[in-house]
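Colleague: structure for this input, please:
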Amino acid sequence: MVFKNKLFNRFWKFSSSFQLGIPVMTAIAVLIAWGTIVESKYNDATTARKMVYDSWMMWTVMCLLIYNLTIVVIDRWPWQKKHYPFITVHAGIIILILGGFVTSQYGLDGQMSVPISGQNNYISLSNHTDLVVYATFDGDRYTKVFDREVDFFNHIPSADRPFVISLGDEKFEVIDFVKYGAIQTKVKASADALAGASVKFQLMNANVKQVQQITQSRKSKEVAFNLGPAKVILGPVGFSANRGNEIYLTPENNDEVKFTIFHKQIEKPYKVGRMKIGDVVDTGWMGLELRLLDYLPQALEEYDITRLERQSPMATSAILVRHKNNQRWLAINDLIKLFGSNSAYLMAYQNRRIDLGFQVFLNKFEVTRYLGTMKAKEYASQVSLGRVGDNLKDESKVQLKSMISMNEPLKYEGYTIYQASFQEDEMTGQPVASVFSVNKDPGRAIKYFGSIIFSLGIVWLFYQRRKRATAT
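Modeller: Next comes the predicted model:
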């Protein structure tokens, strides 16, 4: 095409030439290479996606590519029969890019953990994070007062430029962000009357020497440690129809805790008493003895963060929150309690949770290990799917029952559920939950269609050139 305006004509020729196309293709290749290097350096696909693949640079280059391809096609007008294979190839590329855009903007890619004989209807999205604050005025009922999506990865806060949450007279500031951090937990005494207790204990016999500290988030919340043959519970003694070997440690005063020991063969408590720091009690199971190493009647659990250079199985992201003169670290998918003048607040920094609209019940989990090792070779989950709120132990409520294995995902209501991994009990090594990857790709059909158009155009071009070569 030729235009009368010389300046516009030169611009049009540049837009439809290799002078634009080659730099754009080179930029795409460089960005893809950069993304590969970033993923390798940080050992994290999410980092590569945020820094490269979903960055403004990548989408700018992709828009320039679409622009270049479109102008090239229009420049051939009026089209002739020989142009159609060429147009088809370019149309296929544009449709593929548009499909990728739809997937990026409207697709979901998350994880779901379902305990054995348990159910879940929420997935957690690693690419989206929310900051949520709840407030209570009576210490019991909490109301959500703040909920916002945050991206501290690309917009890192600092003490000079904090992320501010203003709630009336209260002000909370996020003043630091750690992409990869190793968490060390520390427990200290608290002046909060509603704070829970903390105990540090040792369980020991000829074969076991386990030291553990457990801390209540609130006085009314019990917390437990499962050793395998025994469970230690910090909190009041509760009713249980299927009680096993359990030790209840119930705070009595500032110096003593009450212990109540149950054996699974005996309905009534095996032993009841009080103990102070340093006291030892014989549990009556497998020669196990319980020693109380430390006790705080009102305790607060805090984090120390060590910055790491790259992702690792033990690494997590965290933010530093400042309120009045206090600073506390808050790890991803955790919460902290903060106290204002007239109320208390719970702040959560978490991956966004999406309700699937249906629930997954894990009937059974199967794992096959390599001979002579605990390394998993294959694993699969038998699941039942149904409406949220239904008891899926009742077969009449089950809408679909299926087996999900490493190579056999399940497709249901637009979602594809893959077997990703599983969680084990730290002490026994037995599976306790199955972990699924859940994907929803609304752009998949567009990308499939674009692939077909592109492939058709390539074959058509090849046929056309072969036909010309034969004719000459």
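Colleague: and Tyr448, its phi and psi?
Modeller: The phi and psi values for Tyr448, taken as degrees, to the nearest 10, are phi -60, psi -40.
Colleague: what's the answer for the one 3 residues further on, then?
Modeller: Taking degrees, to the nearest 10, you get phi -60, psi -40 for the backbone angles of Ser451.
Colleague: now do the closest residue to it other than its chain neighbours, the pLDDT please.
Modeller: In space, and not counting its chain neighbours, Ser451 is closest to Leu96: 6.6 Å by Cβ to Cβ, 6 or more residues apart in numbering. All C-beta atoms are positioned from the backbone trio N, CA, C, and that covers glycine. On pLDDT, Leu96 comes in at 95.
Colleague: buried residues, the longest strand seen in the chain. List them.
Modeller: As assigned by DSSP state E, the longest strand anywhere in the chain is strand 344-369. By 16 or more other Cβ atoms under 10 Å, the buried positions in strand 344-369 come out as 344-352, 354, 356, 358-362, 365, 367.
Colleague: the residue nearest to Ser451 and Phe454 touch, don't they?
Modeller: Yes: between Leu96 and Phe454 there is a contact under Cβ atoms under 8 Å: 6.6 Å.
Colleague: quick one on the thing from earlier: how about the residue nearest to Ser451, secondary structure?
Modeller: helix (DSSP: H, G, I helix; E, B strand; the rest coil).
Colleague: how close does it sit to Phe361?
Modeller: 38 Å (Cβ to Cβ, to the nearest Å).
Colleague: same check on Thr368?
Modeller: In terms of Cβ to Cβ, Thr368 sits 23 Å off from Phe361.
Colleague: same question for Asp54.
Modeller: From Asp54 to Phe361 the distance is 34 Å (Cβ to Cβ).
Colleague: same check, this time on Asp294
Modeller: 41 Å.
Colleague: just Met275 next, same as before
Modeller: 41 Å.
Colleague: repeat that for Met314.
Modeller: Per Cβ to Cβ, Met314 is found 31 Å from Phe361.
Colleague: and Tyr379, how many neighbours does it have?
Modeller: When neighbours are counted by other Cβ atoms under 10 Å, Tyr379 registers 19.
Colleague: show the pLDDT at it.
Modeller: In this model, Tyr379 carries a pLDDT of 92.
Colleague: can you get me a residue count around Gln216?
Modeller: Other residues lying near Gln216 total 20 when counted by other Cβ under 10 Å.
Colleague: for it, list the residues it contacts.
Modeller: Counting by Cβ atoms under 8 Å, 6 or more residues apart in numbering, Gln216 touches Ala195, Gly196, Ala197, Ser198, Glu222, Val223, Leu234, Gly235, Ala299.
Colleague: format these as TSV; extra columns: distance to Val132 and pLDDT.
Modeller: Formatted as TSV, those follow (distance: Cβ to Cβ, whole Å; pLDDT from 0 to 100):
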residue	distance to Val132	pLDDT
Ala195	21	81
Gly196	21	87
Ala197	27	91
Ser198	25	93
Glu222	24	86
Val223	22	89
Leu234	27	92
Gly235	26	90
Ala299	24	89
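Colleague: out of those, who's nearest Val38?
Modeller: For the contacts of Gln216, the residue nearest Val38 by Cβ to Cβ is Val223; the value is 39.2 Å.
Colleague: how much space between that closest one and Glu366?
Modeller: In terms of Cβ to Cβ, Val223 sits 31 Å off from Glu366.
Colleague: again, but for Cys63
Modeller: Noted for Cys63: a distance of 48 Å to Glu366, by Cβ to Cβ.
Colleague: hey, C-alpha coordinates of stretch 101-113 in PDB?
Modeller: Extracted C-alpha coordinates of stretch 101-113, given in PDB (Å, rounded to 0.1, in the frame of the first residue of the first chain):
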ATOM      1  CA  PHE A 101      -3.600 -13.000  27.200                       C
ATOM      2  CA  VAL A 102      -7.000 -14.400  28.100                       C
ATOM      3  CA  THR A 103      -5.300 -17.200  30.100                       C
ATOM      4  CA  SER A 104      -3.100 -14.600  31.900                       C
ATOM      5  CA  GLN A 105      -5.900 -12.300  32.800                       C
ATOM      6  CA  TYR A 106      -8.800 -14.700  33.500                       C
ATOM      7  CA  GLY A 107      -7.200 -18.100  34.200                       C
ATOM      8  CA  LEU A 108      -6.600 -19.700  37.600                       C
ATOM      9  CA  ASP A 109      -3.600 -21.800  38.700                       C
ATOM     10  CA  GLY A 110      -3.500 -22.800  42.300                       C
ATOM     11  CA  GLN A 111      -3.200 -25.500  44.900                       C
ATOM     12  CA  MET A 112      -5.500 -27.300  47.200                       C
ATOM     13  CA  SER A 113      -4.700 -29.500  50.200                       C
END
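Colleague: pull out the buried residues from that stretch.
Modeller: Buried, per 16+ other Cβ under 10 Å, within stretch 101-113: Phe101, Val102, Thr103, Leu108, Gly110, Gln111, Met112, Ser113.
Colleague: doesn't the fifth one belong to a strand?
Modeller: It stands for Gly110. Yes: Gly110: assigned to a strand according to three-state DSSP.
Colleague: ok, and the closest non-adjacent residue to it?
Modeller: Ile123 (3.7 Å).
Colleague: check the second one too.
Modeller: Nearest in space to Val102, with sequence neighbours left out and distances taken as Cβ to Cβ, 6+ apart, is Gly443 at 3.4 Å.
Colleague: look up the pLDDT of that neighbour for me, please.
Modeller: Per-residue confidence (pLDDT) for Gly443: 93.
Colleague: can you give me the strands in the stretch 301-450 of the chain?
Modeller: Assigned by DSSP state E, counting those that start in this stretch, the strands in the stretch 301-450 of the chain fall at 315-323, 326-331, 334-339, 344-369, 376-386, 400-405, 410-412, 415-424, 431-440.
Colleague: strands paired with the second one, and their directions?
Modeller: Strand 326-331 has these partner strands in its sheet, going by DSSP bridges: strand 315-323 (antiparallel).
Colleague: mind checking how far the partner strand is from the chain centre?
Modeller: Chain-centre distance of strand 315-323: 16 Å, with Cα atoms, centre = their mean, to the nearest Å.
Colleague: for that strand, which outside residues touch it?
Modeller: 152-153, 157, 159, 162, 170-183, 303, 305, 308, 327-332, 336, 338, 347, 349.
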